[in-house]
Structures are given as C-alpha cells and as structure tokens.
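Visitor: no FASTA, just this:
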C-alpha cells in the first residue's frame with residue numbers, strides 16, 4: 001500500500017520548513033511566489049492530496065500559445081480583498097508562462113439578460129474562459145454552449161443539482177460551515193442565527209446547508225426565528241438596515257453565522273450601533289478570511305480559502321480542458337480551514 005504523502009515529506013524534499021510548506025498550501029502567511037511554485041510543483045509530483053490530480057509533466061508539454069488569450073468574466077469589479085485576488089494572481093502567472101494573456105471583461109446585467117458577449121470579446125483568439133462572481137443560470141447555459149473551454153469558480157445556487165456542462169471549482173463550504181456552527185453549539189450556545197441570502201450563489205447555499213445540518217443534527221429546531229435570509233434585494237451591506245432587521249427578530253440570538261466576512265463585518269457594525277458588543281453580547285462568524293476580517297474589532301472568526309492553491313488548480317484544470325476537450329467534466333472542491341478569532345471567544 002502506497003504511503004500517504006505528508007507536508008513534512010514535501011518540506012524534506014525541498015529543504016524547507018514544515019511551517020513554510022503549510023502556509024503555502026493553505027494560503028496563509030507570507031511566502032514568496034517562487035517558493036509557492038516550487039511547493040505546488042513538488043506537491044503534485046509527490047501526489048499530495050488535491051495536488052495528486054495534477055500532472056506537472058503534462059503541463060510542461062503544452063505548446064506555448066503566443067497571442068492567444070484566456071478571458072475572465074465577472075459580473076462586478078473584483079476587489080483586492082476578494083478571495084479571488086490571490087487565485088487570479090497565481091492563475092495569471094501560470095498561464096502567462098505558456099504565452100496566454102488574461103483579458104478581463106465585466107458582464108453587465110443587460111448582457112446577461114440578452115445572452116450577449118462584450119463587443120470587444122475576440123472569439124477567434126480566446127482559448128478559454130474563467131468565470132468568477134457571476135451567478136446567472138441563463139448566462140451560465142449560454143457560456144456552456146459557446147464551445148470554448150470554460151471553468152466556473154462557484155455557480156448559481158444549483159439547488160436542483162442540474163448538470164452544468166463545464167468544469168466547476170468550489171471552495172469547500174458545507175463542512176467548514178457545519179463545524180463552525182457545531183463549535184458554537186458545543187460551547188453551549190443554542191440560539192444561533194444565519195445571516196445572508198442562501199440562494200445568492202451555490203457556495204452561500206452550501207454554507208447555509210452546513211449551518212442547517214449542524215443545528216438539526218444537534219436537535220435544535222427553532223432556529224429560523226434567529227435568521228435573516230432575505231434575498232439580495234436587501235442591502236446586507238447597510239448596517240442601519242441590518243440593525244432594523246436584528247431589532248425585528250423575536251429574540252436576540254447568542255450567535256450569528258454569516259454567509260461571508262463582509263456581511264459579518266456589517267453585522268458587527270449594526271450591533272455596535274445598537275450598543276451591543278461582540279463577543280460579550282453576541283458571537284459572530286464569517287467566511288473567506290478577507291483582509292478586513294483580520295483588522296475589524298474584534299478580529300473575526302472565519303474560514304480561510306486558499307486562493308493561491310485554487311489559482312494553481314484553476315490553471316491546471318482549464319489548460320487541460322483546452323488540451324483535451326473530450327475529458328469528462330470535473331467538479332473540484334478545494335479544502336478550507338476554520339480560523340478562530342476573538343469574535344467567538346467565550
């Protein structure tokens with residue numbers, strides 16, 4: 001039986017510390033880009049966990065594609081604190097070594113509603129598309145029918161488990177949300193609410209499901225009265241409106257599990273406007289490990305998304321689809337990690 005590859009094995013092979021390798025793979029701390037690349041390559045070579053799916057020798061045989069581009073489609077401009085920032089940095093670095101340019105397109109609502117491509121989109125020279133923060137079911141189907149290799153980073157809330165004819169990559173959502181909620185329950189808290197539109201995207205839906213199952217598995221069934229689940233028409237990023245929604249709850253919960261960090265941070269601000277303190281009066285959890293989650297007062301308990309690793313997997317997945325379009329479609333989950341901070345301290 002083949003022995004399981006460990007982080008220590010990778011560290012020993014490269015002459016690096018275990019801590020450095022762990023930081024690179026989990027997307028935490030400061031590790032140089034050259035060192036990350038060496039670690040990712042060695043992880044793939046040795047067959048470490050998710051990296052076992054990657055074949056570095058295959059990548060090195062792909063013919064460089066000068067003057068061709070890979071298109072990035074997004075519904076909005078992606079901020080530097082968005083989880084996709086390190087993902088795209090690694091992705092672009094990887095594809096540029098093979099001669100591809102990354103061209104960025106913001107897809108407006110009218111384009112999506114009419115299923116149109118941007119006027120400056122060059123179909124002839126575009127070899128692949130990576131889609132981030134775009135959750136329109138109709139436009140997803142439209143892109144899948146273009147016959148251009150496409151990778152979706154997250155999708156619309158596919159609650160009916162429809163078959164999307166494309167490669168898809170998700171961060172792992174369900175288990176982290178489940179364990180984060182369960183951790184609150186094991187500390188003795190039962191009045192726990194969820195904040196966010198569970199149908200905003202598939203990742204939000206899976207985070208909601210993780211919370212839901214943790215509550216139900218713990219025989220806690222009266223949790224809906226603590227939840228704020230309005231759709232995206234509610235401006236979750238308005239602390240004043242959030243405060244009014246919190247005041248309207250039948251009872252104040254002991255903790256909120258939020259769909260992402262940005263919602264969690266505005267919940268903290270809303271609570272402060274109500275003269276409530278975190279964590280003394282109420283505990284708060286987020287998701288994404290955004291830059292803001294580290295500097296908000298108090299620092300936010302959250303879930304780290306390893307953006308560098310996701311960028312590496314994304315490049316390998318899309319490049320292999322370009323090279324071998326007949327491959328079966330793949331749905332890839334990248335492991336995430338809970339980070340406990342002061343916002344949930346007992």
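Guide: That came through fine. Keep in mind that this is a model prediction, so the values were computed, not measured. Numbering: from 1, shown residues only.
Visitor: I'd like the next helix or strand past the helix or strand of the chain with the lowest mean pLDDT.
Guide: Lowest by mean pLDDT, DSSP states H and E among the helices and strands of the chain is helix 56-61, with a mean of 45. Later in the chain than helix 56-61, the nearest helix or strand by DSSP states H and E is strand 69-74.
Visitor: distance from the chain centre to that next one, please.
Guide: 18 Å (Cα atoms, centre = their mean, to the nearest Å).
Visitor: so what does that strand touch, helix or strand wise?
Guide: With contacts taken as 3 or more Cβ pairs under 8 Å, 6 or more residues apart in numbering; DSSP states H and E, strand 69-74 sits against strand 101-106, strand 126-132. In short, each C-beta sits where N, CA and C put it, glycine included.
Visitor: out of the ones you listed, deepest packed?
Guide: Among those, strand 126-132 has the highest mean neighbour count (mean count of other Cβ atoms under 10 Å), at a mean of 23.
Visitor: that strand vs strand 69-74, what angle?
Guide: Relative orientation of strand 126-132 versus strand 69-74 (axes from the mean of the first three to the mean of the last three Cα atoms, to 10 degrees): 20 degrees.
Visitor: contact partners for the most centrally placed residue in the chain?
Guide: Nearest residue to the geometric centre of the chain (Cα atoms, centre = their mean): residue 171, 4.5 Å. The contact partners of residue 171, taken as Cβ atoms under 8 Å, 6 or more residues apart in numbering, are 83, 154, 203, 305, 310, 333-334, 336.
Visitor: about what we covered before: in CSV: the helices and strands packed on strand 69-74, plus mean pLDDT and distance to residue 11.
Guide: CSV is the format used below for the helices and strands packed on strand 69-74 (pLDDT from 0 to 100; distance: least, Cβ to Cβ, whole Å):
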stretch, mean pLDDT, distance to residue 11
strand 101-106, 94, 31
strand 126-132, 97, 31
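Visitor: let's have these in a markdown table, adding distance to residue 71.
Guide: Below are the helices and strands packed on strand 69-74 laid out as a markdown table (distance: least, Cβ to Cβ, whole Å):
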| stretch | distance to residue 71 |
| --- | --- |
| strand 101-106 | 5 |
| strand 126-132 | 5 |
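Visitor: work out for me the element residue 90 sits within.
Guide: Assigned by DSSP H and E, residue 90 falls in helix 84-96.
Visitor: that helix - contacts with which helices or strands?
Guide: Looks like helix 84-96 contacts helix 33-46, strand 101-106, strand 126-132, helix 307-323 (3+ Cβ pairs under 8 Å, 6+ apart).
Visitor: quick one: closest of those to residue 207.
Guide: Closest approach to residue 207 among the helices and strands packed on helix 84-96 (Cβ to Cβ): helix 307-323, 16.7 Å.
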